[in-house]
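**Q** One predicted model, sequence on top.
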Amino acid sequence: MNSSDTHAERKTLGQILLEQASVTGEQLDEALSLQQTRHQRLGELLCQLGHLDAAVLRLALVAQAGLPRYDPDSAPTDPQAVATVPAEVSFRYKVLPFALQDRSLLLAMADPFDRTATESVRVLTGRRIERYYCPEEELLDAARRVYGSTVARMIADLKVEVDAADDDGAELTGHLQEMAREPSIVNLVNLILLEALEARASDVHVEPFEKVLKVKYRIDGILHEVSPPPKHLQPAIVSRVKIMAGMNIAERFVPQDGHITFAGPHGPIDLRVATVPTVYGECVAMRILDRTVSLISLERLGMNPQGLTLFAPMLDRPHGIVLVTGPTGSGKTTTLYAALNKIYTPAKKIITIEDPVEYQLEGINQIPVNRKRGIDFANGLRAILRQDPDVIMVGEIRDRETADIAIRSALTGHLVFSTLHTNDAPGAVARLIDMGVEPYLLASSLDGVLAQRLVRTICPHCRTEHHPEVEVLERMGHRPGNDTGGRFFRGQGCRQCRQTGYIGRTGIFELLRITASVRTAILRRSSTTEVVAAAPPDHQPMREDGFCKAREGITSLEEVLRVTQDTQIDNGT
């Protein structure tokens, strides 16, 4: 260690923060004064007072401790060191072993001051731990690269077999339980879930075929196949998931539903698990509900300023019904949560009925659908009305009974929010009338319909300017020339975006305001095309909103076309 490192170690945390201009002298004095009575660490107090960010504090502590920095790109990892720490432990604690030195293990850590992580690795390996600092994103990226091949070797070495001759016997069930509890299988399933979380996946699919067992992650709405486990591990992996989800592993020929609470890197993660029997075994789908992710505000959903200005007043009306439409996975529930969060005040009683309750909302009463106990949307909605609510959210209108109760609730002084499966906003009118809702009731109660899709956003790391083809522009309803305006971009594909060219998603929207002319069209049982014709002059189709976002460089025209193929009812498309 050189003299500068020694000098850095002698500095106090306060001196380092002042030199980095992370805090002011007044803020430091305030925390030091408070420290005399609270007896807490200085950094904790500065964070509690709002003067310092936790990430900045960590860097300052790293500088104070004189900890070296690990650079994954310049320092290769030793396979023998990597083998001392299971992949599950690496991802859980955000650590990466990269070298052995006598009796010491050189360990890169996203948080070198996490005593639980340090002690866990020390006990696990039996070695003294030499801490190195590595930023979290760099460390996890390196861990994914390093453990990919390690996991492949691990699962290839597993020799768990099942005798198909005992297909229906109690002996097989006992054997499956034993296999599912083997540490190797437990670690493998945990690793699959952890990798899915790190990849920002919304779903994990385990699909059996004749000669292969496929594992896929749904990332930004697109399925990505990952390295498959050996086919002979299929019974053990499926049984392990079913045990975690509280399912009956002896029953393999009927669909089952379950729930897993999984310890993720940032806190507990909920997973909705569903199995169905197929020709080659049980197919497993796991929906990831990350409760540690903060709720998205209405302003951050991707709605343009004009749309937001027109949509917000609908949320403040004393009664009526507001619908959000779109296919499964289009973000409808997220939009409704954002709307409820925006209008919540202690003066309003808000009750929801959902299937399932995906996120808990502070101050809002949420009821989960439980059909086994007789609580469906219709029965739950009737019960809600006896609770004297001001605002009601129905997770989905699926039948005439639920639609009738929701609309009559809106007519009797309640503000009702719900979702509907239609391709676009005007299509919601025809869908409800087809369900059997009387047009005069619908015209009197409906305030607005918001249709939406989620488009992938261009990766900022590989974003490049792009000149779209004439055919693409014409499909968007634009002729090449001055009317297109702006510049268009696409992602070339890089390591950060898994070579897809996209990272994250945002919404594109179509808002149908129910004006007098639209109400008249509803009363006449008009077609969807006629409802569009009766819409206000500023009505903007969803594809046009997507075109504007592509012109702003947020997404690509190809992505907009992909998600809006079923929305165009005019222009011959």
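**A** Nice, thanks for sending it over.
**Q** can you give me the strands for the stretch 151-300 of the chain?
**A** For the stretch 151-300 of the chain, applying DSSP state E, counting those that start in this stretch gives strands covering 201-208, 213-219, 222-226, 256-264, 267-278, 281-290.
**Q** Now render these as a markdown table, adding mean pLDDT, distance to residue 301 and mean neighbour count.
**A** C-beta: built from backbone N, CA, C; applies to glycine. Output for the strands of the stretch 151-300 of the chain, formatted as a markdown table (pLDDT from 0 to 100; distance: least, CB to CB, whole Å; neighbours: other CB atoms under 10 Å):
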| stretch | mean pLDDT | distance to residue 301 | mean neighbour count |
| --- | --- | --- | --- |
| strand 201-208 | 95 | 16 | 20 |
| strand 213-219 | 94 | 20 | 20 |
| strand 222-226 | 90 | 20 | 14 |
| strand 256-264 | 87 | 24 | 16 |
| strand 267-278 | 91 | 22 | 16 |
| strand 281-290 | 92 | 18 | 20 |
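**Q** Output these in TSV, with distance to residue 88 appended to each entry.
**A** Output for those, formatted as TSV (distance: least, CB to CB, whole Å):
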stretch	distance to residue 88
strand 201-208	15
strand 213-219	16
strand 222-226	16
strand 256-264	10
strand 267-278	14
strand 281-290	17
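**Q** what's the closest of these to residue 136?
**A** Residue 136 lies closest to strand 256-264 among the strands of the stretch 151-300 of the chain, at 14.0 Å (CB to CB).
**Q** Give me the contact list for that closest one.
**A** 92, 190, 193-194, 197, 241-242, 244-248, 268-275, 286, 290, 292 (CB atoms under 8 Å, 6 or more residues apart in numbering).
**Q** ok, it: who's next to it in the sheet?
**A** strand 267-278 (antiparallel) (DSSP bridges).
**Q** and the partner strand with strand 281-290, angle?
**A** With axes from the mean of the first three to the mean of the last three CA atoms, to 10 degrees applied, the angle from strand 267-278 to strand 281-290 works out at 160 degrees.
**Q** and strand 267-278 with strand 201-208, angle?
**A** Using the same axes, to 10 degrees: strand 267-278 against strand 201-208 is 30 degrees.
**Q** ok, now which ones touch residue 429?
**A** When contacts are counted by CB under 8 Å, 6+ apart, residue 429 touches 442, 446, 449, 521, 522, 526, 528, 531.
**Q** now the stretch 51-200 of the chain, which segments are flagged as low pLDDT?
**A** 148-176, 179-180 (pLDDT under 70).
**Q** Just name the closest of the contacts of residue 429 to residue 464, please.
**A** residue 449 (37.0 Å).
**Q** Walk me through which strands the strand or helix carrying the closest one pairs with, and which way each runs.
**A** Here residue 449 is covered by strand 446-458, with elements defined by DSSP states H and E. According to DSSP bridges, strand 446-458 has the following sheet partners: strand 320-325 (parallel), strand 502-513 (antiparallel).
**Q** Over that strand, what's the mean pLDDT, rounded is fine.
**A** Across strand 446-458, pLDDT averages out at 96.
**Q** Mind checking what helix or strand follows it in sequence?
**A** With DSSP H and E, the next secondary element past strand 446-458 is strand 463-466.
**Q** That next one pairs with which strands, and in what direction?
**A** strand 488-491 (antiparallel).
**Q** Point out the most buried one among the strands paired with strand 446-458.
**A** Across these, averaging neighbours per residue (mean count of other CB atoms under 10 Å) puts strand 320-325 on top, at a mean of 24.
**Q** Could you verify my assumption that residue 449 touches residue 323?
**A** Yes. Residue 449 is in contact with residue 323 according to CB atoms under 8 Å; the separation is 4.7 Å.
**Q** Need the overlap of contacts for these two.
**A** Shared contacts of residue 449 and residue 323, counting by CB under 8 Å, 6+ apart, come down to residue 428.
**Q** Give me the distance between the most centrally placed residue in the chain and residue 369.
**A** Closest residue to the average C-alpha location of the chain: residue 202 at 5.2 Å, with CA atoms, centre = their mean. For residue 202, the distance to residue 369 equals 21 Å [CB to CB, to the nearest Å].
**Q** Repeat that for residue 195.
**A** Residue 195 sits 31 Å away from residue 369, going by CB to CB.
**Q** higher neighbour count, the two?
**A** Taking other CB atoms under 10 Å, residue 195 and residue 369 do not tie; residue 195 has more neighbours (23 against 18).
**Q** average pLDDT for stretch 509-528?
**A** Here the average pLDDT along stretch 509-528 is 95.
**Q** which residues touch that stretch?
**A** Contacts of stretch 509-528 (CB under 8 Å, 6+ apart): 302-304, 307, 310-311, 424-430, 433, 439-440, 442-444, 446-452, 530-531, 533-536, 539-542, 545, 567, 569.
**Q** if we go to 7 Å?
**A** For stretch 509-528, contacts defined as CB atoms under 7 Å, 6 or more residues apart in numbering pick out 303, 307, 310-311, 424-427, 429-430, 433, 439-440, 442-443, 446-452, 530-531, 534-536, 539-542, 545, 569.
**Q** Buried ones in that stretch, by neighbour count?
**A** 509, 510, 511, 512, 513, 514, 518, 519, 521, 522, 526, 528 (16 or more other CB atoms under 10 Å).
**Q** Could you do stretch 437-444 as well?
**A** By neighbour count on 16+ other CB under 10 Å, the buried set for stretch 437-444 is 437, 439, 441, 442, 443, 444.
**Q** Can you report how many residues neighbour residue 253?
**A** 7.
**Q** Identify the residues contacting it.
**A** residue 277.
**Q** pLDDT score for it?
**A** If you check residue 253, the pLDDT there is 92.
**Q** With residue 49 instead?
**A** Per the predicted model, pLDDT is 75 at residue 49.
**Q** show me the residues around the nearest residue to it once chain neighbours are set aside that make contact.
**A** Closest residue to residue 49 apart from its sequence neighbours, by CB to CB, 6 or more residues apart in numbering: residue 31 at 6.2 Å. Counting by CB under 7 Å, 6+ apart, residue 31 makes contact with 42, 45, 46, 49, 51.
**Q** which element is residue 31 on?
**A** Using DSSP H and E, residue 31 falls within helix 25-38.
**Q** my read: residue 500 touches residue 492, true?
**A** No. Taking CB atoms under 7 Å as the definition, residue 500 is not a contact partner of residue 492, at 10.3 Å.
**Q** More neighbours: which of the two?
**A** Ranked by neighbour count (other CB under 10 Å), residue 500 and residue 492 place residue 500 first, with 17 against 14.
**Q** outside of stretch 392-404, which residues touch it?
**A** Residues contacting stretch 392-404 (CB under 7 Å, 6+ apart): 336, 340, 351-355, 377-378, 381, 384, 406, 409, 414, 416-420, 432, 435-437.
**Q** repeat that with 8 Å
**A** Contacts for stretch 392-404 (CB under 8 Å, 6+ apart): 323, 333, 336, 340, 350-355, 369, 377-378, 381, 384-385, 406, 409, 414-421, 432, 435-437, 441.
**Q** Next up, phi/psi of residue 280, please.
**A** phi -110, psi 20 (degrees, to the nearest 10).
**Q** residue contacts, it?
**A** Counting by CB under 8 Å, 6+ apart, residue 280 touches 208, 209, 210.
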